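Engineer: Whatever this is, show me its structure:
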Amino acid sequence: MNALSEPERRAFELGCAVGLGFTQPLGRMRPGAVGRVLAVSGGDHDIERGLLEMGFVEGACVEVLHCGFLGRDPLAVRINQSMTVALRRREADAVLIGPLLDQSAGVQSSASREAQLS
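Structural biologist: Model prediction:
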């Protein structure tokens, strides 16, 4: 009996690569890290719905801009080079991030863009 929906099944398969370092929850990424949203899943449906409404949809490019000092909360995250949001670590851990597979998309971290300008 398969109780998982298709997106959950794909997220599980992609999540199997976590041990290899290919995917990770957004909450574990360091400032300057760039990746692509693979799935949004969490125990709380309100958090999941809120993240989807903010733009954390499958395929969206994300960049971690800043982590807070105490407890590393909140995280400042840029979505698709257009919107910046602040998330609690608990919310960020519901977003599974993978590597950017299409480097020709022109997505760069803020640090690399600043280095090119100087």
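
Engineer: roughly how far apart are the residue lying closest to residue 35 once chain neighbours are set aside and residue 69?
Structural biologist: In space, and not counting its chain neighbours, residue 35 is closest to residue 97: 3.9 Å by Cβ to Cβ, 6 or more residues apart in numbering. The way it works is simple: take the backbone N, C-alpha and C, and place the C-beta from them, glycine included. As defined by Cβ to Cβ, to the nearest Å, residue 97 lies at a distance of 23 Å from residue 69.

Engineer: which of these two has more neighbours?
Structural biologist: Counting neighbours by other Cβ atoms under 10 Å for residue 97 and for residue 69 shows that residue 97 has the greater number, 28 against 7.

Engineer: Just confirm that one contacts residue 40, I think it does.
Structural biologist: No. Judged on Cβ atoms under 8 Å, residue 97 makes no contact with residue 40 at a distance of 10.3 Å.

Engineer: quick revisit: which SS class is the residue nearest to residue 35?
Structural biologist: Classification of residue 97 by DSSP: H, G, I helix; E, B strand; the rest coil places it in strand.

Engineer: List the residues that contact it.
Structural biologist: 23-26, 29, 35-38, 62 (Cβ atoms under 8 Å, 6 or more residues apart in numbering).

Engineer: Doesn't residue 64 lie inside a helix?
Structural biologist: No. Read with three-state DSSP, residue 64 is strand and lies in no helix.

Engineer: From the structure, what's the count of residues near residue 62?
Structural biologist: Counted with other Cβ under 10 Å, residues neighbouring residue 62 total 25.

Engineer: Now do it against residue 80, distance only.
Structural biologist: For residue 62 relative to residue 80 (Cβ to Cβ), the value is 8 Å.
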